[in-house]
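1. what follows is a predicted structure for the sequence shown.
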Amino acid sequence: MTGTAIGLAVSVFLACAVEGVEALTIVLAVGTTRSWRATFTGLGAALVALAIITAALGPALTAIPLGVLRVIVGGLLLIFGLQWLRKAILRASGLKALHDEDAIFERQVAEAEDQAPLDDQWDPYSFLIAFKGCFLEGLEVVFIALTFGANQHDVPLAAMAALVAVATVAIAGLLVSAPLSQVPENTMKFVVGVMLTSFGIFWGGEGAHANWPGGDAALAVVVPLVALFSLGLVSMIRRQNLAVGAA
Amino acid sequence: MNRIRALAQFIWDFVVGDDWRVALGVVIALALTALLHTWVPLALLVAAMLAFSVFEVAGEARRRPPGRRR
C-alpha cells in the first residue's frame, strides 16, 4: 500500500468515526428515552437514503475526467477542511466550547422528554430525529469516502475504511450503551481538518495544473506543514489570550 | 417553492459552511493556480485565509466583556 493510500484510508476512517460518534449520540438519546423501534426504523431509512445517493453519485463521479474531478473535489475538500480546521483551532485555543458528547446527549434527552408522550403504536419524533441525525452525519461520510476514493481511483479502499469506522463506532456504542465521550473527538477533528485541507491543497493544485515538486511525495510535506501551521496559530492565539488576561 | 428553497439552503450550508469568504477564497486561489500553473498562490492564500479567519474570531472574543465570552 502506498503512502497516499494509507493517508486516504486513515483520513476517511477518522472522519467517518467522528461522524459516527455524533450519530450514535443522537440514536442513543432518542432510543433510550422514547422508542428503540422508531429510532432503528429512522436509522434504517437514513441508511437506505444514503445507499441510494451513493449508488447514484459513485458512478457519476468516476465518469468525470480526473483533472476536472480533482479541481472540483480539491476545492470542496479545501472548503470542508478549512471549516473543520478553523473550528478545531478555535476549540484548541479555548475560544470555542469543546465538543462534549455527554452534554449533547443530555440536551438531546431533555428535548426528547419535552415532546408529546409516547403512545403504544408508533413514535414519529424518534423516527424523525434518528433519520435526520443519521442522514446528515452519513452524508458527510458518503461525501468524504466518495471524493477521496474517486480521486485516488480507489473507491473500494475508501468505502472499506468508512465501513470499518462506522462498524467500530456502532460496536463500541452497543458495548458501552452510552455516548462515546472517551473518544478524543476534538483531537480527531483537528487531525481530520489537517488531512482534508492537505488533500484539498494537493488535489486542487494538481487539478488546476500546478506541478508539485516530487509529485505524490509532496503530500508527505504538505500534511506536516499544514499541521505545524495550525498548531502555530493555536499557540499564537493562546499567547495573545494570556497576554490580554494578564493586562 | 419552499421545498426548493429549503433544499438550496441545505446545499449551501453543507457545501459553503458558516464562512462564505473561505469558499470564495478557495475558488480565487484555484483560479490563480490554474492561471499561473504554480502551487505557490494556493498555499499562500490558504494559509492567509485560515489565519485571518481564526484571528478575526480571536479579536472579537477579546473585545467581548469577560462574562460573555464563547
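-> That came in fine, so what should we check first? The structure displayed is predicted, hence computed values, not measured ones.

2. C-alpha only now, for contacts and for neighbours.
-> Fine.

3. the one helix or strand in chain A whose mean pLDDT sits lowest close to chain B?
-> Lowest mean confidence among the helices and strands of chain A (mean pLDDT, DSSP states H and E): helix A:101-114, at a mean of 76. No - against chain B, helix A:101-114 shows no contacts by C-alpha under 8 Å from any C-alpha of the partner chain, the least distance being 15.9 Å.

4. which parts of the helix or strand following that helix are buried?
-> Using DSSP states H and E, the helix or strand that follows helix A:101-114 in sequence is helix A:124-151. Residues of helix A:124-151 classed as buried: A:125-135, A:137-151 (neighbour count, 16 or more other C-alpha atoms under 10 Å in any protein chain shown).

5. what mean pLDDT does helix A:124-151 get?
-> Helix A:124-151 carries an average pLDDT of 85.

6. following that helix in sequence, what is the next regular element?
-> Next along the chain after helix A:124-151, with elements defined by DSSP H and E, is helix A:155-176.

7. can you list the residues of chain B near chain A?
-> B:15-19, B:22-23, B:26-27, B:30-31, B:33-34, B:37-39, B:42-43, B:47, B:50-51, B:53-55, B:57-58, B:61-62, B:69-70.

8. longest helix in the chain, by residue count?
-> Unless you meant another one, I'm taking chain A. helix A:3-33 (DSSP state H).

9. try again with chain B
-> Chain B, longest helix under DSSP H: helix B:40-63.

10. number of nearby residues for A:Val176?
-> By the criterion of other C-alpha atoms under 10 Å in any protein chain shown, A:Val176 has 10 neighbours.

11. distance of it from chain B?
-> 31 Å (C-alpha to the nearest C-alpha, to the nearest Å).

12. against A:Ala17, how distant is that residue?
-> Distance, A:Val176 to A:Ala17, using C-alpha to C-alpha, to the nearest Å: 16 Å.

13. related to what we said a few turns ago, hmm, which of the residues of chain B next to chain A are the buried ones?
-> If we count by 16+ other C-alpha under 10 Å, the residues of chain B next to chain A have these buried: B:16-17, B:22-23, B:26-27, B:30-31, B:33-34, B:37-39, B:42-43, B:47, B:50-51, B:53-55, B:58, B:61.

14. is it true that A:Gly200 touches A:Ile72?
-> No - counting by C-alpha atoms under 8 Å, A:Gly200 sits too far from A:Ile72 to count as a contact (9.5 Å).

15. out of these two, which sits in the busier spot?
-> It is A:Gly200, of A:Gly200 and A:Ile72, that has more neighbours when counted by other C-alpha under 10 Å, with 27 against 20.

16. so where's chain A shaky on pLDDT?
-> A:1, A:98-101, A:116-120, A:177-183, A:244-247 (pLDDT under 70).

17. which residues of it lie near chain B?
-> A:71, A:75-76, A:78-80, A:82-83, A:86, A:89-90, A:95-97, A:201, A:204-205, A:208-212, A:229, A:233, A:237, A:241, A:244.

18. so which of these belong to helices?
-> Counting by DSSP H, those contribute A:71, A:75-76, A:78-80, A:82-83, A:86, A:89-90, A:201, A:204-205, A:229, A:233, A:237, A:241, A:244 to helices.

19. buried residues in the helix or strand A:Ala220 falls within?
-> A:Ala220 belongs to helix A:219-246 when elements are defined using DSSP H and E. Within helix A:219-246, the residues that qualify as buried are A:Leu219, A:Val222, A:Val223, A:Val226, A:Ala227, A:Ser230, A:Leu231, A:Leu233, A:Val234, A:Ile237, A:Arg238, A:Asn241, counting by 16+ other C-alpha under 10 Å.

20. that one packs against which elements?
-> helix A:66-92, helix A:185-207, helix B:40-63 (3 or more C-alpha pairs under 8 Å, 6 or more residues apart in numbering or on different chains; DSSP states H and E).

21. any idea which of the ones you listed gets closest to A:Pro156?
-> helix A:66-92 (17.2 Å; C-alpha to C-alpha).

22. now the closest one, how far from the centre of its chain.
-> The chain centre lies 12 Å from the centre of helix A:66-92; the measure is C-alpha atoms, centre = their mean, to the nearest Å.

23. the residue nearest the centre of chain B and A:Gln152, how far apart?
-> Central residue of chain B (C-alpha atoms, centre = their mean): B:Val22, 1.9 Å from the mean position. Distance of B:Val22 to A:Gln152, given as C-alpha to C-alpha: 25 Å.

24. specify the angle between the helix holding A:Ala220 and helix B:40-63 in degrees.
-> Angle between the axes of helix A:219-246 and helix B:40-63 is 20 degrees (criterion: axes from the mean of the first three to the mean of the last three C-alpha atoms, to 10 degrees).
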